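1. dropping a prediction and its sequence here:
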Amino acid sequence: MYGILNEISSLPLAFGGASISGEGAGYGFGQMSEGDALSLLNYAHDRGVKIFDTAPIYGFGLSEKRIGKAFKNKREDVFIVSKSGVTWHENMRVDMTNDPIVTQKMLEQSLRDLESDYIDLYMIHWPDERVDIRKPLEVLAKAKMEGKIKAIGLCNTHIDDFNKASEIEKIEAIQSQLNFFERDVTKDILPLVVEQEISFMSWGTLDKGILTGRVHRDRTFDKSDCRSWAPWWKAMDKESRYKVMDKINPILKDHGYTGLDLALSFNLATEGCSTLLCGARNHDQLDGILNSLERPLTAELLAKIDKVASES
């Protein structure tokens, strides 16, 4: 593999900062005390994780603040990723915009919340059809010249935006959804990152817990978990995925593997995917992810499971 993320870490893993921000509301996955969050972040660092991904919408700033607090005394030892474009009003109503004025404001706030003079990789969070992406890229290019960000990336992007953004400044990483059930990026974005030799970071790697089995038909969520209220979660066809897991879990078990092993192996076996973004909620979950990285499924077993899933 290649790209900035692989230059930073030989471990193909980034810590997903949405996992530590639940009680802050916004996009998060349940309650976690500040003490537990800081302990988990430092434990991840001690276990060799160098890349920590966050965004202002994760806990309405709480994720960034906790990452900033955890690493302010060892800032050079970690690689922090944050984003602009998903902001909110005083009433907590979320607004998605790439207005360059908002981009500048969000960048400055993130620097304050992270207690850092710079952000290693700063990304446009989502495309915005109302704003030519070259406008916020001009803001980020200036910030890069000033040393406030070290590299620029795009999340959830498409080819047209990538090409326009590249007119202004080098795009060094792309982050998009990729997992066993969500493969759209294999049609266009992943061939692009291979061609351009840039890093790709997968979010949704575990499909919000469906692939690992932590999310099942009877699972309930507390109010600080976005899966308890988010329209996109309620509208998602989860039952079809549960049925697929019902069929492939026995196969995995027969071969000594788990759904977590499948999730990580599938993404790492997908050409162009260099870094897996995974959110852990405690030390044991993080240990499980790190251990799973050391036991990939064979290509033959992946193909067999993929065939069973496609026939379901």
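-> Everything's here; your move. Numbering: from 1, shown residues only.

2. could you pull out the strands in the stretch 151-300 of the chain for me?
-> 173-177, 199-203, 275-278 (DSSP state E, counting those that start in this stretch).

3. can you put the ones you listed in JSON lines and add distance to Glu167?
-> C-beta here means a position set from N, CA and C on the backbone, and glycine is covered the same way. Output for the strands of the stretch 151-300 of the chain, formatted as JSON lines (distance: least, CB to CB, whole Å):
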{"stretch": "strand 173-177", "distance to Glu167": "16"}
{"stretch": "strand 199-203", "distance to Glu167": "20"}
{"stretch": "strand 275-278", "distance to Glu167": "26"}
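
4. rebuild those strands as JSON lines, extending it with mean neighbour count and mean pLDDT.
-> As requested, these are exported to JSON lines (neighbours: other CB atoms under 10 Å; pLDDT from 0 to 100):
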{"stretch": "strand 173-177", "mean neighbour count": "22", "mean pLDDT": "98"}
{"stretch": "strand 199-203", "mean neighbour count": "26", "mean pLDDT": "96"}
{"stretch": "strand 275-278", "mean neighbour count": "26", "mean pLDDT": "97"}
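
5. for Val215, find the nearest of the ones you listed.
-> strand 275-278 (14.3 Å; CB to CB).

6. who are the packing partners of the closest one?
-> Using 3 or more CB pairs under 8 Å, 6 or more residues apart in numbering; DSSP states H and E as the contact test, the elements touching strand 275-278 are strand 13-16, strand 199-203, helix 259-269.

7. partner strands of that strand, with direction?
-> strand 13-16 (parallel), strand 199-203 (parallel) (DSSP bridges).

8. those: which one's closest to Thr97?
-> strand 199-203 (20.3 Å).

9. how far off centre is the closest one?
-> 7 Å (CA atoms, centre = their mean, to the nearest Å).

10. in TSV: the helices and strands packed on strand 275-278, plus distance to Glu76.
-> Shown next, in TSV, are the helices and strands packed on strand 275-278 (distance: least, CB to CB, whole Å):
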stretch	distance to Glu76
strand 13-16	17
strand 199-203	20
helix 259-269	28
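
11. closest to His158 out of these?
-> strand 199-203 (14.2 Å).

12. what residues does that closest one touch?
-> The contact list for strand 199-203 (CB atoms under 8 Å, 6 or more residues apart in numbering) reads 1-6, 14, 16, 53, 81, 153, 155, 172-179, 185, 189-190, 193, 267, 272-277.

13. can you rerun that using 6 Å?
-> 3-5, 173-175, 177-178, 193, 267, 272-277 (CB atoms under 6 Å, 6 or more residues apart in numbering).

14. ok, stretch 178-186 next?
-> For stretch 178-186, using CB under 6 Å, 6+ apart, the contacting residues are 176, 202, 204-205, 207, 211, 241, 266-267.

15. repeat that for 7 Å
-> 176, 202, 204-207, 211, 241, 262-263, 266-267, 270, 273 (CB atoms under 7 Å, 6 or more residues apart in numbering).

16. swap in stretch 102-110?
-> 56, 64, 82, 84, 87, 119, 122, 136, 139, 143, 148.

17. can we see that at 8 Å?
-> Stretch 102-110 is contacted from outside by 56, 61, 64, 82, 84-85, 87, 119, 122, 124, 136, 139-140, 143, 148-149, using CB under 8 Å, 6+ apart.

18. in helices, which of those appear?
-> Those of these mapping onto helices are 64, 136, 139-140, 143, per DSSP state H.

19. give me the low-pLDDT residue ranges for the stretch 151-300 of the chain?
-> For the stretch 151-300 of the chain, the stretches with pLDDT under 70 are 226, 229-230.

20. which residue ranges of it form helices?
-> Remark: helices assigned in the stretch 151-300 of the chain by DSSP state H, counting those that start in this stretch are 159-168, 189-196, 231-235, 238-254, 259-269, 283-293, 299-310.
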